[in-house]
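A.B. asks: Attaching a predicted model along with its sequence, questions to come.
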Amino acid sequence: MKMTVYTQSNTEVPEMKRYLAIIVLFLCVCLFGACGNSAGAQYRKITAQEAKAYMDGDVAFILLDVRTMDEFNSEHIAGAILIPHTELASRCAAELPDKTALILVYCRSGNRSETAARQLVKLKYTNVFDFGGIINWPYGTVSG
């Protein structure tokens with residue numbers, strides 16, 4: 001069965017169906033092709049303000065402090081869990097089992113958080129954001 005499409009001037013456009021099929025195929029390849037690769041698992045740096053927006057939103061998140069226990073006890077962001085960056089590889093499977101969870105990572109200045117975030121990405125965590133150091137956190141903190 002041949003499908004014929006006409007324009008406003010009633011001229012036949014017999015190739016329209018083929019062009020439409022090509023466009024649909026192209027979009028499917030683009031959309032579904034991206035799902036199969038590791039595009040979601042990439043290092044991403046955000047600001048403290050962007051991290052705060054995630055924290056104030058409706059999406060569940062994990063706030064990960066990768067400093068030492070002493071640093072954590074001295075000051076940390078409320079709700080954070082502590083996994084020092086030196087222990088991340090050995091503890092993340094048990095303590096961060098959902099590799100698609102939104103994980104917001106910080107340290108003191110941003111160096112360890114970058115290292116930790118990159119390590120999580122290598123371990124196939126797909127929703128990791130490094131927002132740097134607590135020294136640049138303009139919002140409240142707690143101690144203990």
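C.D. replies: Alright, I've got the coordinates.
A.B. asks: what about the chain, any weak spots by pLDDT?
C.D. replies: When residues are selected by pLDDT under 70, those of the chain lie in 1-40.
A.B. asks: Identify the residue nearest the residue nearest the centre of the chain in space, chain neighbours excluded?
C.D. replies: Compute the mean C-alpha point of the chain, and by C-alpha atoms, centre = their mean the closest residue is N127, 2.8 Å away. Of all residues not flanking N127 in the chain, L102 sits nearest, at 4.8 Å (C-beta to C-beta, 6 or more residues apart in numbering). Every residue, glycine included, has its C-beta placed from N, CA and C.
A.B. asks: how about stretch 107-117: buried residues?
C.D. replies: 107-108, 110, 112-117 (16 or more other C-beta atoms under 10 Å).
A.B. asks: Just flag the most distant two among the residues you listed.
C.D. replies: Spatially, the most separated pair among these is R108 and A117, at 14.5 Å (C-beta to C-beta).
A.B. asks: so A60 sits right up against D98, yeah?
C.D. replies: No: the pair A60 / D98 is not scored as a contact, 9.5 Å apart, by C-beta atoms under 8 Å.
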